[in-house]
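*Asks:* Return a 3D structure for these sequence lines:
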Amino acid sequence: MRHQWSSKGPAITHGWLTAVTCLVIAFPAAIGAQTPAVKTSMVVSPSWLQQHLDEDNLVVLQVDRDREAYDAGHIPGARFVEYSQIITNRSELRTELPPPDRLQNLVESLGISTESQVVVYGDLLSSARLYFTLDYLGHGDHTALLDGGLEAWRESGGAVTRALPTVTRGVFTPTIRPQIVIDAEEVHSRLESRDMILVDARSRDEYTGARMEEDLPRRGHLPGAVNLDWTTTVKDGRLVQPSELRRLLQDAGVDLHGREEVVPYCRVGTRASMIYFVAKYLGHRVRLYDGSMNEWSARQDLPLVSGDQRGGRTPNPH
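*Replies:* Numbers count the residues shown, from 1 in each chain. So this is what the prediction gives:
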C-alpha cells in the first residue's frame, strides 16, 4: 500500500564540526544532491480505499469520456465526472483549463469541500488530467489516484453498483495555483536554461517528426526536449513502481536529484498530464506546458527540431 495519511539530535562537538566542514569543502557537489522522496500519498491501493470508503470526508470520483463504464458498474458512492467538464477551448487552443469559477462550481456539485479527501479512478489520462486540475485549484495534496482503477478494485473483492449516490453540495474554497502552468513565452525564454527540462510525452515517431499529427501545422519537438512516452509509465492499468519510474526519467535525460524543473508537454496537454503526475509523485518540481504542440507548432516564431536531436541547451551532467 502506498498511501499514508521534531526531534533534536545529539549535540555536535567542535571536532565533529571540523570534520563535517572538511567533508563539505571536499565534496561540494554532494550537497543538495539527494534524490527527492516519493510522495506516496498521491496513490492509494484498493485495500486502503476499502478501509476508508465510508468516511464522511472521502469523495470518490470516476472520470471518463462518457458514462458507459460508470453506468455499467462503479465503486459504491463514486460520482461521475465527464472529461469534457474539466477542459475547454481557448481561441485556437484545445484542452485548456476552464475558468476557476466554472471549476469551483463543478467541484462543489460533486460534493467536494475544502476539507475533503479525493480519490480518482477511471480512464488513466483523464484521471491524471483531473488530478492536475484539482492541483491547480489547490487541492492536489488532498487528492490521490486509485492504483489499478476499477479493475484492481474488482480483483481485490471490492463491490460495484449501478446505484447513483446521493450527493450533498460541497463548500469549496479554491486556492488557485497558476504557477503550475507555464506559457509559451516563458518556455521560449528558457530554452537555453539548465534549470528546466522539457519532457515530450508523445510517442517516439511523434517526437522525431516521423509521423505527422492531426491538426498540427508543423512536426518535430521543442528544442532541448527529451522524449518519455507516457505509456511506458503504466503497465496493466497501474503505475509502474517508483524505482522503474525513476529509471525511465533518468534514461530520458531527467536529473533524478531534482535540480531541474520538469516541464512536460504533448499535443494538447492530456498525455503531458500523466508525466506531470509522475514527476510530482517522484518529488520533482514540475509545471505543465498546457498549450503544448497545439500552440507551439502553430506559431512560426517558435523553433522546432526534428529527428533524435535535442537541440537547445547543453544538458546537465547527471
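
*Asks:* Quick one: residues contacting residue 94.
*Replies:* Contacts for residue 94 were tallied using Cβ atoms under 8 Å, 6 or more residues apart in numbering; they are 87, 268, 294. To be clear about C-beta, it is placed using only N, CA and C from the backbone, and glycine gets the same treatment.

*Asks:* and the last one, how many neighbours?
*Replies:* Residues lying near residue 294 (other Cβ atoms under 10 Å) number 22.

*Asks:* returning to what we had before: just the ones of the contacts of residue 94 in helices?
*Replies:* residue 294 (DSSP state H).

*Asks:* give the contact list for residue 84.
*Replies:* residue 65.

*Asks:* please redo it, this time with the cut-off set to 10 Å
*Replies:* If you count contacts by Cβ atoms under 10 Å, 6 or more residues apart in numbering, residue 84 has them with 65, 66, 98, 126.

*Asks:* Show me where the stretch 51-200 of the chain has its strands.
*Replies:* Taking DSSP state E, counting those that start in this stretch as the test, the strands found in the stretch 51-200 of the chain are 58-64, 79-82, 88-90, 93-96, 117-122, 143-146, 196-200.

*Asks:* Let's have the ones you listed in TSV, adding distance to residue 249 and mean pLDDT.
*Replies:* Converted to TSV, those look like this (distance: least, Cβ to Cβ, whole Å; pLDDT from 0 to 100):
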stretch	distance to residue 249	mean pLDDT
strand 58-64	25	98
strand 79-82	29	98
strand 88-90	30	91
strand 93-96	24	91
strand 117-122	23	98
strand 143-146	18	98
strand 196-200	8	98
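
*Asks:* For residue 36, which of those is the nearest?
*Replies:* Comparing those by their distance to residue 36 (Cβ to Cβ), the top pick is strand 196-200, with 14.4 Å.

*Asks:* Can you list the helices and strands that the following helix or strand past that closest one packs against?
*Replies:* For strand 196-200, the following helix or strand on the C-terminal side (DSSP states H and E) is helix 204-208. With contacts defined as 3 or more Cβ pairs under 10 Å, 6 or more residues apart in numbering; DSSP states H and E, helix 204-208 has these neighbours: strand 196-200, strand 226-227.

*Asks:* pull the CA atoms of the first one into PDB?
*Replies:* Right, the one you point to is strand 196-200. What follows is the C-alpha trace of strand 196-200 in PDB, where atoms were taken according to Å, rounded to 0.1, in the frame of the first residue of the first chain:
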ATOM      1  CA  MET A 196      14.500  23.500 -16.900                       C
ATOM      2  CA  ILE A 197      14.000  20.300 -18.800                       C
ATOM      3  CA  LEU A 198      11.200  19.800 -21.400                       C
ATOM      4  CA  VAL A 199       9.700  16.300 -21.500                       C
ATOM      5  CA  ASP A 200       7.700  15.300 -24.600                       C
END
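
*Asks:* Centre of the chain to that strand, how far?
*Replies:* The chain centroid and the centroid of strand 196-200 are separated by 14 Å under Cα atoms, centre = their mean, to the nearest Å.

*Asks:* if we can go back for a sec, taking the contacts of residue 84 together, which two end up most distant?
*Replies:* Within these, two members stand farthest from each other by Cβ to Cβ: 66 and 98, at 18.8 Å.

*Asks:* Distance to residue 217 and mean neighbour count for the helices and strands packed on helix 204-208 - can I get that in a markdown table?
*Replies:* Output for the helices and strands packed on helix 204-208, formatted as a markdown table (distance: least, Cβ to Cβ, whole Å; neighbours: other Cβ atoms under 10 Å):
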| stretch | distance to residue 217 | mean neighbour count |
| --- | --- | --- |
| strand 196-200 | 17 | 25 |
| strand 226-227 | 21 | 18 |
